[in-house]
Structures are given as structure tokens and as C-alpha cells.
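*Asks:* sequence first, predicted coordinates after that:
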Protein chains: 2
Amino acid sequence: MISIKQLHYALAIEKTLHFKKAAEACNVSQSALSTAINELEKQLGVTIFERNNKQVLITNDGQLILNKAKRVKLELDELLQISQSNQQPFATPMTIGVIPTIGPYLLPKVLPEVRKQFPTFKLRIIEEQSHVLVEKVRNGEIDAAILALPYPIDGLMSFNFWQEDFYWVCHKDECPKKAQEITSEELEIEKLMLLKDGHCLKDHALAACKLQNQKQDTDFDSASLHTLIQMVAGKLGTTLVPQMALDQLIHNESELTAVHLNEPGPHRTIALIIRPNYVRTKELTLLQNIFTEQLTKKCK
Amino acid sequence: MISIKQLHYALAIEKTLHFKKAAEACNVSQSALSTAINELEKQLGVTIFERNNKQVLITNDGQLILNKAKRVKLELDELLQISQSNQQPFATPMTIGVIPTIGPYLLPKVLPEVRKQFPTFKLRIIEEQSHVLVEKVRNGEIDAAILALPYPIDGLMSFNFWQEDFYWVCHKDECPKKAQEITSEELEIEKLMLLKDGHCLKDHALAACKLQNQKQDTDFDSASLHTLIQMVAGKLGTTLVPQMALDQLIHNESELTAVHLNEPGPHRTIALIIRPNYVRTKELTLLQNIFTEQLTKKCK
DNA sequence: TAAAAATACTCCATAGGTATTTTAT
DNA sequence: ATAAAATACCTATGGAGTATTTTTA
């Protein structure tokens, strides 16, 4: 019968493409690893590695096997986590990805409370764009991701925990009226500056205004909302920012005004994305509750 | 290190709730199975089974572990299938689920060609409603399902292979006009008979007419289109049927007329649903091509 | 010829079997 | 008292190590 050890060994070779190094990584002799791989290939009836004394190559079929082996290992790791996380929640570290238009605004609002409630919890945060995070969730590199929806997440599951609208930000001197609301029709589209392509915030902002994602003259090739806001302060145009970013981007003494974009909403939904069958859902639910609770307290 | 064998044994006990019977099912002695389970529980630090001389119970944590173990086994089975299916496609049997409003119309059109191209292929078909099939795909009981979209398939993946419109079917004597087209506004809603709740065809038909799924007086508690058509023939009302069912339901000599429902479409999308990471995609692609090809030949 | 994988041979850990004991109803 | 799981003990398989051979770039 095929064993987990064999899969471990095969995955080690995939990494190093070298039997001796792989053997060292697995703390076994080259001989042990070699026979294990031969036996695995014999059992499967598939040559996984084409090898000679100079190089190790992965066959096409072999790559499929290795990908599946990673999957098996992933599920097995999760099985081990079940026991640990149920014995004492938050004992095992967790890595969560977050996109750049959420991270800097969400995390300062919620992480203090997380630390307060679970002081020993090792939570690692990475910041990437949506497509990178989706891939990392898929292959198990990270436990979960915090994205803005709608976004295509084929094969993954989402748990929405927050919804918010956009605010239109302009310089006080250029604010057309004193109203608290503005509709997309009243916006001067030509003056609107948005993040560069690849940031989902741009798509969501355009969708909220019912605009196509046509290549706009006004595209601003910036990677952060902070920079955009600086441009607005410099009277170079206006922009749209999500509600949770308002308090950080616009201070009382600032030259800027933010008015609610009055279009049917919510304009942006924030969600936790996980693989189906991900096991640490209890812990994620606890986190999610803190998120919603803190956002409600600090945004409404 | 935890082994696959241990998981196998644990799953056998879950089925039988009896160590001796489980041991027999695994072709090992009760002693071997007993020690393996004890070792597994020790390694995990979790009591999976609460047992005495009279009964075996599954603990809460144990059930989580067992569910995950099933997952591991599933992925491992797929790993074994990779080698087999790549060595000779269609050598391993495959089970595909299909909903009752697709099966009887799609399968006669496509299966002959499948048999012709892959005579040795053992394809098993089961017929259930969408929610049952989605669950069976999730837990690996079946390889894939053929559904009509839109339908919620959280965490699964869909490959659309056909799109079609609805046709309004009425008795010739009651046909309001001779036109080839009718809009939903021209329909007499009171006379419209649809399948009972639970059949997605009802939802899709209503959506095509832009109607709410309100509890209609005209709901007809039938489980098959054939029955509905009999009712139409008996002048009890009218109905909507998908294009692929037309040739079977309405013959030349019949008393019935079918006219195309002229609403923005397509009204119903047919798709293959699989788990993410499902491995026999090459074979499914071949099947799917046959499906589309045969439908185009026989429906257009 | 030299670097790397495969093989030969030995050893030991452990999975499994049989027989027996413990346990709880 | 008895049915069923746990344990003791023995055996055999196979995984792992060391040393050596084979392979081919």
C-alpha cells in the first residue's frame, strides 16, 4: 500500500531535484529515499522522475502526481491541526492574507482586540493583491484571505463580515456644494483618480458608479490610497475611498472633504476566503466576530 | 508518524461501530486494529471512539477527525486514479449525477456517441435533484454532476457546455396566435403550470419570465415534464420546457404547439460540476466535447 | 572519470497474528 | 456471566543504514 512517507520523499525531491539533498532534508539516507521512490513509482506504474547521474527531471504525469500528493499532505496536516486547535484554540500559528486596500485600514482597528482576547495567538499577516492571495489560499500556503467582493474565487468559499460604501473625496476649495451626499452623475468623471489596474478597489469603485472599466484618461498609476489622497490635497483631482479608510486618510484639520456616494449599495463587501473543507473554522469565526464588532464600533 | 492504514481502520470502525466487524472488513485481526486505533489516538492526543464492551460511540472531536480522514482518503484515491486514467483513459469507472430535467433529454442524445468512441468505458448515471448532487460531488460520492445554472455551488467548480432557451407549450386549440415567438408579457401567467418546488427548472423558467418565485396558484405538483405535457394536452393549462426536451415531448402528430419564449437569454445554462482539484479532467473534457457536439447536431 | 543514483546486505522497528486478560454491563 | 476491547508475546515483513556497484554525461 502506498504510504505518506513515500509522498513526503517525492515532494522533497521535487523541491531539490536532487536525491542526496532531498534525503538530507528528510533526515534519511540516500539509499532509503531512493528505494522508497522506486517502490512508489512501481506501485503507481508511473515514472515520476526521469533521472541520471547529472540531473533529475519531473515527467508530466509525475507533476500531476506530485500536485495531488501536496493535496494529500495538506489535508493530512489539517487533520493534525484539528486535534491541536480543538485541544486549545489559537495554539497553532495562522497566516492570513489581506489586500492593500483593506489591510492598512482594517488591521489597526481589529488587531488590538484580537491580541487582547487571545494574547498567545501567533497571527501572521501578508499583504498581496487579490489574485495572489486566492492562489495562496488554494494551494494551502495561507490559511485564509481577506478580500473585497465581488471577485472571482472559483472553488473557494467566502464568509462576508462587512459591507461598506464609497466616499467621494475632494479638496475643500473645489467642493461643488455643501451637501452630505453625491450621486455618480454629479461626479466629474474626468477629474476622478483611481488606483492602477490590478487593484480590485478600482473595479468596485467603477461598479458603484455604474461605469465600465474602460481605460480612463484619469487612471492614476498609484499603488496606494494614501498617495491618491495626497494628489487630491494637491488639487490634481478627486477620488473615491471606502468608508473604513476615511478616518485615517482625512483628518479634521485637513483640506479635504468626503461626501457619501449616494448610489445603491453596498459598494464593497469584505469577506474571509477559505478553501472548502478548511478545518480551523471555529477560530476563524471567532476572529470574524471580532472584526465585525470592532468595525461597527469604529466606523458607524 | 500517522499512517494511512490507521485512517482506514478508523473509517471502518465509523461504519460498523464495532471493532471486530471493522477488523474483518479490513482483513486484519481485532488485535491489530485495536492497537492501531489506540496508537492513532495517542499520536493525535484525541479520543476518537468512546468504547466499552457493549458499544462504540464517536466523540465530537473524533467526528471532525473522521471527516478529515475521509478527505485524505479521497485525495489519495484520486492520486491512484491519476496513474490509471493517464495510462489508459476511461479504464476506471466513473459516476456522474444528472438532474431529472436534464437526464432524460440529454442522455439519449449523447450516450450513444460516448459508447461508440469509448466502448469499454463504464459510466454510471444517477438521477437526483441539484442539492443532492452538489452534496454528493462535495463528499466525493460521485465524480461529477450535470446541473442547470444558475445554482449555488459554493466551493465547487463549473464548466458550462450548453445554453438554451425555454419554449412555451400550449394546446393547438388554445394557441393565441400563429407566431413563432412569444414574450413573457403575452403569457397568461394564471394558466402556466410548472414543476413543484425543489426542481430548479421552475426557478429558471420564472427567472426567464422575470417573475418572482412567489407561491403561485398555478404551481403544479408534478415531478416530471412528461406529466406536465400530458396536462397541457388535456387543456388544463400551458407550460415552459427547455429546448433539449422539445423533440421528445412534442411530436409532429401531437395536439401541442411550442413557441420560442422571446426573452433575453440564454434562459438555462447546462454545466458539469466538479470538486476543485478533481483529477480526471482530461476525461471529462472529452465527454463534454461529445455533449456539446451532439447537442449542437440534434438541437439546432 | 567523477558525480550521482541504484543495489547488496544486514539490522531492527513495528505491524500483525494467536492466545489471554481485563472490563463493564 | 459474557461479549467485546485491551494486552502480552511472538513472528515476519519491510524500512533504513553502510558499503559497494553501476551508470552516463
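*Replies:* Yep, that arrived.

*Asks:* could you use CA atoms for every contact and neighbour count after this?
*Replies:* Fine.

*Asks:* quick one: A:Glu263 and A:Ala148, what's the gap?
*Replies:* Noted for A:Glu263: a distance of 18 Å to A:Ala148, by C-alpha to C-alpha, to the nearest Å.

*Asks:* neighbour-wise, which of those two wins?
*Replies:* A:Ala148 (24 against 17; other C-alpha atoms under 10 Å in any protein chain shown).

*Asks:* and that one, bridged to which residues?
*Replies:* When bridges are called by DSSP bridges, A:Ala148 pairs up with A:Ile270.

*Asks:* list the contacts for it?
*Replies:* Counting by C-alpha atoms under 8 Å, 6 or more residues apart in numbering or on different chains, A:Ala148 makes contact with A:Ile102, A:Cys200, A:Leu201, A:Arg268, A:Thr269, A:Ile270, A:Ala271.

*Asks:* okay, the angle between whichever helix in chain A runs longest and helix B:60-87?
*Replies:* The longest helix of chain A (DSSP state H) is helix A:60-87. For helix A:60-87 against helix B:60-87, the angle between stretch directions is 180 degrees (axes from the mean of the first three to the mean of the last three C-alpha atoms, to 10 degrees).

*Asks:* can you give me the mean pLDDT across helix A:60-87?
*Replies:* Rounded to a whole number, the mean pLDDT of helix A:60-87 is 88.

*Asks:* residue numbers of the stretch 51-200 of chain A in contact with DNA strand C?
*Replies:* Contact residues (C-alpha under 7 Å from any atom of the strand) of the stretch 51-200 of chain A with DNA strand C: A:Arg51, A:Asn52, A:Asn53, A:Lys54, A:Gln55, A:Val56.

*Asks:* ok, the nearest residue to the first one once chain neighbours are set aside to B:Gln81 distance?
*Replies:* Closest residue to A:Arg51 apart from its sequence neighbours, by C-alpha to C-alpha, 6 or more residues apart in numbering or on different chains: A:Leu57 at 6.1 Å. Distance, A:Leu57 to B:Gln81, by C-alpha to C-alpha: 22 Å.

*Asks:* check A:Leu201 too.
*Replies:* A:Leu201 is 42 Å from B:Gln81, where distance means C-alpha to C-alpha.

*Asks:* higher neighbour count, the two?
*Replies:* A:Leu201 (24 against 18).

*Asks:* what does whichever strand or helix holds the more buried one rub up against?
*Replies:* Here A:Leu201 sits within helix A:200-208, counting by DSSP states H and E. Under the contact criterion C-alpha under 8 Å, 6+ apart, helix A:200-208 has outside partners A:101, A:130, A:148, A:150-151, A:166, A:194-196, A:212-213, A:240, A:263-265, A:267-268.

*Asks:* buried ones in the following helix or strand past that helix?
*Replies:* Downstream of helix A:200-208, the next assigned helix or strand under DSSP H and E is helix A:225-233. Residues of helix A:225-233 classed as buried under the neighbour-count rule (16 or more other C-alpha atoms under 10 Å in any protein chain shown) are A:Leu225, A:Leu228, A:Ile229, A:Met231, A:Val232, A:Ala233.

*Asks:* does the residue of the stretch 151-300 of chain A found nearest DNA strand C count as helix, strand or coil?
*Replies:* At 26.3 Å from DNA strand C, A:Val279 is the closest residue in the stretch 151-300 of chain A, using C-alpha to the nearest atom of the strand. Following DSSP: H, G, I helix; E, B strand; the rest coil, we place A:Val279 in the coil state.

*Asks:* just A:Ser34 next, same as before
*Replies:* Classification of A:Ser34 by three-state DSSP places it in helix.

*Asks:* the closest residue to it other than its chain neighbours and B:Val28, how far apart?
*Replies:* Of all residues not flanking A:Ser34 in the chain, A:Phe19 sits nearest, at 7.1 Å (C-alpha to C-alpha, 6+ apart). Relative to B:Val28, A:Phe19 is positioned 36 Å away (C-alpha to C-alpha).

*Asks:* more neighbours, the two?
*Replies:* Legend: neighbour count by other C-alpha under 10 Å for A:Phe19 and B:Val28, higher for A:Phe19 (23 against 13).

*Asks:* which residues touch the more buried one?
*Replies:* A:Phe19 sits next to A:Ile13, A:Gln30, A:Leu33, A:Ser34 when contact means C-alpha under 8 Å, 6+ apart.

*Asks:* same check, this time on A:Gln30
*Replies:* Per C-alpha under 8 Å, 6+ apart, neighbours of A:Gln30: A:Phe19, A:Lys20, A:Ala23, A:Glu24.

*Asks:* pLDDT below threshold where in the stretch 151-300 of chain A?
*Replies:* By pLDDT under 70, the weakly predicted segments of the stretch 151-300 of chain A are A:176-179, A:212-223, A:300.
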